[in-house]
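Participant: Next one to model:
(2 chains)
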Amino acid sequence: MAFRSAVITFPGSNCDRDMAVALEKVSGDACTRVWHGDSDLPEGLDFIALPGGFSYGDYLRCGAIASRSPIMQAVIAAADKGVPVLGVCNGFQVLTESGLLPGALLRNSVIRFVCRDVTLKVENANSLFTSGYSAGQEISIPVAHHDGNYFADEATLDRLEGEGQVAFRYAEDINGSARAIAGVLNAKGNVLGMMPHPERAIEDLHGGSDGRALFESAIKGLIGA
Amino acid sequence: MKVRVHVSLKPGVLDPQGRAIHHSLEGLGFSGVNDVRAGRLFELDVEDGVSDEALDDMCKKLLANMVIENYRIEKVAA
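Facilitator: This is a model prediction of the structure:
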């Protein structure tokens, strides 16, 4: 059975091709590219990805304008119906701005743009996106962001921890994120937002392939391949 | 009608930009500044018929992120 995925491109997205390549390489099936101005998604999608980049030049707030674009209304409707949505980096910012994930991403506490491989700890290995890892496993994934400082109020953070919605945590503090949170799931578990870039770590030529299991988990969970 | 919308970070939300500005002020030799918080100012030119509710809605839906920011609407005499 073919794996039907789509990557949304906003003006200023720059990891959309990497994301599509990762989905195609791991699944063996073509990935549809969808433009932000479209109001409809292709029928019967198994997976939607919001890529990294600087949508709308980060105007207003990172991800704010993209989250109000026509296609996002379709993405929100699909997510509400249970279609898996992965947002990476700017895609994570779009997910929090759209309300699909709790919290917000602030300017890094160190002010600097942080661009390097970081060690992540897998906190929840039971989700659609993370079942290919084991709980507590440490993986190496690149980050490249200026606004990755995850913020939510204490009650929300407690709820996220209690419900297993923290997917990944940084092994060291790189950007000031509350409780070192690097990736968050929604309550239903079909939406994952993360600042690190798994699509940049799917084969050895990338310098590491620890991101591959994320795509393998989702594809296996969705079409059983 | 001219409307100013002031958007600021909620108390308790870390403001690295404000902190950097504060350090820079100190570097220039200004003393006595206890803290700096950076915010945003929007100046809107709106039709007279636009309701207060609509202005409020604009702030909540786009101009401010209610997770981290507060807003204040100020109507300016023409």
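Participant: Let me know the average pLDDT across the lengthiest helix in chain B.
Facilitator: As assigned by DSSP state H, the longest helix anywhere in chain B is helix B:16-27. Across helix B:16-27, the average pLDDT comes to 93.
Participant: Buried residues, stretch B:25-37. List them.
Facilitator: Across stretch B:25-37, burial judged by 16 or more other CB atoms under 10 Å in any protein chain shown covers B:Val36. The C-beta positions use only the backbone N, C-alpha and C, and glycine is treated the same way.
Participant: now could you export just the CA positions of that stretch as CSV?
Facilitator: Coordinates of each C-alpha in stretch B:25-37 appear next as CSV, following Å, rounded to 0.1, in the frame of the first residue of the first chain:
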residue,chain,number,x,y,z
LEU,B,25,22.5,50.2,28.0
GLU,B,26,24.8,49.3,30.9
GLY,B,27,27.7,49.0,28.4
LEU,B,28,27.0,52.6,27.3
GLY,B,29,27.4,53.7,30.9
PHE,B,30,23.7,54.3,31.8
SER,B,31,23.1,53.4,35.4
GLY,B,32,20.0,52.9,37.4
VAL,B,33,18.1,50.8,34.8
ASN,B,34,16.6,47.9,36.7
ASP,B,35,15.1,46.0,33.9
VAL,B,36,14.1,46.2,30.2
ARG,B,37,11.2,44.4,28.5
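Participant: got the contact list for residue 13?
Facilitator: You didn't pick a chain, so chain A it is. When contacts are counted by CB atoms under 8 Å, 6 or more residues apart in numbering or on different chains, A:Ser13 touches A:51-53, A:55, A:90.
Participant: if you could check chain B rather than the one you did, that'd help
Facilitator: So B:Val13 contacts A:106, A:151, B:68-69 (CB under 8 Å, 6+ apart).
Participant: Can you give me the distance of A:Leu157 to A:Ile181?
Facilitator: 8 Å (CB to CB, to the nearest Å).
Participant: Between those two, which is the more surrounded one?
Facilitator: A:Ile181 (24 against 19; other CB atoms under 10 Å in any protein chain shown).
Participant: Is any residue of the longest helix of chain B near chain A?
Facilitator: Yes. Helix B:16-27 is in contact with chain A by CB under 8 Å from any CB of the partner chain, via B:16-17, B:20.
Participant: By neighbours, which of those wins?
Facilitator: Neighbour max across these (other CB under 10 Å) = B:Pro16, 19 neighbours.
Participant: Per-residue pLDDT of the residue lying closest to that one once chain neighbours are set aside, please?
Facilitator: In space, and not counting its chain neighbours, B:Pro16 is closest to A:Arg107: 4.8 Å by CB to CB, 6 or more residues apart in numbering or on different chains. Looking at A:Arg107, its pLDDT stands at 94.
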